[in-house]
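K.L.:
Structure for the following, please:
(chains A and B)
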Amino acid sequence: MLKPNSSLGKLIVVEGIDGSGKSTQIDLIYKWLSEKGKSVYFSEWNSSPLVKNTTKEGKKSKAFTPTTFSLIQAADFADRWENEILPMLKAGVIVLADRYAFTGFARDVARGVDPDWVRNLYSFAYQPDLVLYFKVPLEVAVERITSGRTKLKYYEAGMDLKLSDKRTTSFELFQEKILKEYKNMSDEYNFSVIDATRPVHKQQKEVRKLVESALKNWRGLPSPDYSARNYARRQSNKKENKSKEK
Amino acid sequence: MAENNYYGSGFPYRKDKKLPGKLIVVEGTDGVGRSTQIDLLKKSLEKNGFAVSDTGLRRSKLTQSGLEQAKRGNTLSPLTNSLFYATDFADRLENQIIPALRAGFIVLSDRYFYSIIARDVVRGIDPAWARKVYGFALIPDIILYLKADIDTLITRIVHGRGFDYWEAGMDILKEDNMYDSFKKYQEYMIDQFSLMTKEFNFEVIDANLSIMRTHQEIMQRIQPILDEYIK
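P.N.:
Take a look at the predicted model:
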């Protein structure tokens, strides 16, 4: 169970397997909201500078077990939660997250840790106001990843699960397990499912509608320009009132 | 071990059969004499022909640089710190303690996750959450809790390694000197250990006594474990 969002801010996250196109979509949302002058903050999975060295070291020496991998990812998330996401939400900002606790749940359970145990690790976090899940068939995602990028990395391909000696095959089998976990979570965490096989702009249109409705009652932090204009208006009103009094 | 018992779900992906070794944990606050007692215990056991492996807290290669960096002043917030230590503990458990137990060693662990929980809770972490995090931990065969009064701890620290910033909890308490801070912080820690004594079935050892008396007490308490081991 995640906690209800009790802050002034709004939390919108994207989830999906590698190659589902979720990062492209959230990037477009970020630019769209920024241009509209909204206070918006972006946070990415596995990006905490304090935990980075350990993660790098563990990946390099292939020293992670499913449990330590799960814990270090949770530590990374906790660092971003305490120092970025939660303070921003409390200030009233719209926080966009590329991957959230659900990535931990999906990957760690695919690696064999206990589902309830990993859910407890992240139980300090809020249930997002909107979870956009980019659903894509395995073949499409695999095609997008293997054709576009360089060689798959050890943990990315799930080589630690010993499913296959071949990276591409291992990746496919690993992603298949992750897809299954996402499917199981869909109702549990109220995912809004987006058909990620459609053209980018069509998905974006649908996504913007969902974001708009999630932000409907948002009364959070105004932008500095907006608050400066308001302040100036209040000041000039005061002056006017004073001169009237005279 | 009769069977592998864990506090929670353990490591579901591990297919460990019965581990033939024994896990003896030595717990207690800073300055209570844990490492001295572990050294003595190790020698006594080895003299009697037992193969012994000892392991401490914060010795995992994986997390060493991160934790050192954190201690140098890039302090981690409470949750992050808590999960960092949990990573370190899990790494030691899976890569040092369990393999040694599998090989039939008597493993002496200088502290276990109880100290980590105590430290977390003093820093504002939810006690129930912290306990669930360690659901992967193996239940030790015996937990020797070395308990000493705050006055004893202070004499030992003053005549030993001296006051330390972290052992005095200077990062969280608002005292202007390490003596007052140490006293207060270690009292909080002792309270946490007291709360855990029944819950985790600690064997309480009076560590106010002399080093040798304490050692004799420990030898007596672990005798049943040794009897079971050689049976």
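K.L.:
Spell out which parts of chain A neighbour chain B.
P.N.:
Near chain B, the residues belonging to chain A are A:48, A:50-51, A:53-54, A:57-58, A:63-68, A:71-72, A:74-75, A:78-79, A:81-83, A:111-114, A:116-117, A:120-121, A:123-124 when assessed by Cβ under 8 Å from any Cβ of the partner chain. Using the backbone N, CA and C atoms, a C-beta is placed for each residue, glycine as well.
K.L.:
Going through these, which ones are buried?
P.N.:
A:48, A:50-51, A:54, A:57-58, A:63-68, A:71-72, A:74-75, A:78-79, A:81-83, A:111-114, A:117, A:120-121, A:124 (16 or more other Cβ atoms under 10 Å in any protein chain shown).
K.L.:
Looks like B:V204 contacts B:I142 (just checking).
P.N.:
No - here B:V204 lies out of contact with B:I142, judged by Cβ atoms under 8 Å, at a distance of 11.8 Å.
K.L.:
ok, now how distant is A:L33 from A:F102?
P.N.:
22 Å (Cβ to Cβ, to the nearest Å).
K.L.:
okay, and for chain A, where does confidence drop off?
P.N.:
Residues of chain A meeting the criterion pLDDT under 70: A:148-149, A:246.
K.L.:
so where do the strands sit in chain A?
P.N.:
A:10-15, A:40-44, A:94-98, A:130-135, A:191-195 (DSSP state E).
K.L.:
now those in TSV, with mean neighbour count?
P.N.:
Conversion of the strands of chain A to TSV gives the following (neighbours: other Cβ atoms under 10 Å in any protein chain shown):
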stretch	mean neighbour count
strand A:10-15	25
strand A:40-44	18
strand A:94-98	24
strand A:130-135	22
strand A:191-195	17
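K.L.:
B:N5: which of the ones you listed is closest?
P.N.:
Evaluated over those, closeness to B:N5 peaks at strand A:10-15, with 35.9 Å, by Cβ to Cβ.
K.L.:
Need the residues that contact the closest one.
P.N.:
Outside strand A:10-15, the residues within contact range by Cβ atoms under 8 Å, 6 or more residues apart in numbering or on different chains are A:5, A:22-23, A:25-26, A:29, A:85, A:89, A:94-100, A:102-103, A:106, A:126, A:128-134, A:182, A:191, A:211, A:214-215, A:218, A:220.
K.L.:
More neighbours: which of A:L33 and A:F102?
P.N.:
A:F102 (24 against 19; other Cβ atoms under 10 Å in any protein chain shown).
K.L.:
which ones are touching residue 127?
P.N.:
Picked chain A for this. A:L2, A:K3, A:P4, A:N5, A:Y189, A:N190.
K.L.:
Not quite, go with chain B.
P.N.:
B:P127 neighbours (Cβ under 8 Å, 6+ apart): B:I117, B:V121.
K.L.:
For it, what are phi and psi?
P.N.:
Backbone torsions for B:P127, taken as degrees, to the nearest 10, come to phi -60, psi -40.
K.L.:
May I have the predicted confidence score for it?
P.N.:
The predicted structure scores B:P127 at 96 on the pLDDT scale.
K.L.:
And the residue lying farthest from the centre of chain B, how far from chain A?
P.N.:
Of all residues in chain B, B:D176 has its C-alpha farthest from the mean position, at 28.8 Å, by Cα atoms, centre = their mean. Distance of B:D176 to chain A, given as Cβ to the nearest Cβ, to the nearest Å: 27 Å.
K.L.:
repeat for B:K15
P.N.:
Counting by Cβ to the nearest Cβ - B:K15 and chain A are separated by 11 Å.
K.L.:
Also B:V121?
P.N.:
14 Å.
K.L.:
among the residues of chain A next to chain B, which are in helices?
P.N.:
Counting by DSSP state H, the part of the residues of chain A next to chain B found in helices is A:50-51, A:53-54, A:57-58, A:66-68, A:71-72, A:74-75, A:78-79, A:116-117, A:120-121.
K.L.:
Fine, thanks again, bye for now.
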